[in-house]
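Trainee: below: sequence and its predicted model.
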Amino acid sequence: MKREVIYKGKNIEYILERKRVKNINLRVKPDLKVYVSANKRVSVKYIDSFVLKKADFILNAIDTFKNNTFSSEPKYSNEEFIEYINSEFLRVYNLFKKYEIEKPVLKLRKMKSRWGSCNFVKGIITLNTNLIYCTKEQISYVIVHEFSHLLVHNHSKDFYNVVEIYVPDYKRIRKEMNKINLR
Ligand SMILES: [Zn+2]
């Protein structure tokens, strides 16, 4: 459900989702949208006032994300990019072979909301062509992340335990990547 509050003459739109959370959670995502999840016991009136109280935080977060758009220049030529993706894909596959996984199919596609995805049923890993704006370290993290989904399908602690084996510094990299605006 979309809702809106007005703070100092500015409209703040947010997406309200009813979830089994304790009270209210609020997040501003790099797509510049405000997501609020609230328990269904909490009234919309209360949620509106909660969002208003967080208005300064929200507007700041949106500004920060706006300033973190892609650097204008891709970091590689198309050939270099494809070559790096393919070689990293193979390197990571060789690391994951011991888990007796089938070699996934690699696809590249421009995506708006994520860096990669893993269809573990069909054995397809899709990587975002916008990774051409990312560092090699970031690209490798995304590839390891998607391969790890072949073993653990959610983002649980178990999942990140696998990621951490191959990218010990994944928390820092993930944090950096979350700041990049993917539009
Ligand atoms: Zn994931």
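Mentor: Everything's here; your move. Numbers count the residues shown, from 1 in each chain.
Trainee: isn't there a helix covering Asn161?
Mentor: Yes: assigned with DSSP: H, G, I helix; E, B strand; the rest coil, Asn161 falls within a helix.
Trainee: okay, now it: neighbour count?
Mentor: Asn161 has 11 neighbours, counted by other CB atoms under 10 Å. C-betas here are computed from N, CA, C, even on glycine.
Trainee: and for the one 3 residues further on?
Mentor: By other CB under 10 Å, 14 other residues sit near Glu164.
Trainee: same check on Ile15?
Mentor: 14.
Trainee: what's the answer for Lys179, then?
Mentor: Residues contacting Lys179 under the criterion other CB under 10 Å number 11.
Trainee: what of Arg41?
Mentor: 8.
Trainee: Ala38 - nearest residue in space that isn't next to it in sequence?
Mentor: In space, and not counting its chain neighbours, Ala38 is closest to Ile24: 4.5 Å by CB to CB, 6 or more residues apart in numbering.
Trainee: how about the one you found, what does it touch?
Mentor: By CB atoms under 8 Å, 6 or more residues apart in numbering, Ile24 lies in contact with 36-39, 42, 47, 50.
Trainee: filter those down to the buried ones.
Mentor: Those of those that meet the buried threshold are 36-38, 42, 47, 50, by 16 or more other CB atoms under 10 Å.
Trainee: rebuild those residues as JSON lines, extending it with distance to Asn119, pLDDT and secondary structure.
Mentor: What follows is these, written out as JSON lines (distance: CB to CB, whole Å; pLDDT from 0 to 100; DSSP: H, G, I helix; E, B strand; the rest coil):
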{"residue": "Val36", "distance to Asn119": "30", "pLDDT": "96", "secondary structure": "strand"}
{"residue": "Ser37", "distance to Asn119": "26", "pLDDT": "96", "secondary structure": "strand"}
{"residue": "Ala38", "distance to Asn119": "31", "pLDDT": "96", "secondary structure": "strand"}
{"residue": "Val42", "distance to Asn119": "35", "pLDDT": "94", "secondary structure": "coil"}
{"residue": "Ile47", "distance to Asn119": "35", "pLDDT": "97", "secondary structure": "helix"}
{"residue": "Phe50", "distance to Asn119": "37", "pLDDT": "96", "secondary structure": "helix"}
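Trainee: out of the residues you listed, which two sit at the greatest distance?
Mentor: Pairwise distances across the buried ones among the contacts of Ile24 peak at 11.7 Å for Ser37 and Phe50 (criterion: CB to CB).
Trainee: residues contacting the closest residue to Asn78 other than its chain neighbours?
Mentor: Leaving aside its sequence neighbours, Asn78 sits nearest to Ile132 (CB to CB, 6+ apart; 7.6 Å). Ile132 is in contact with 74-76, 78, 81, counting by CB under 8 Å, 6+ apart.
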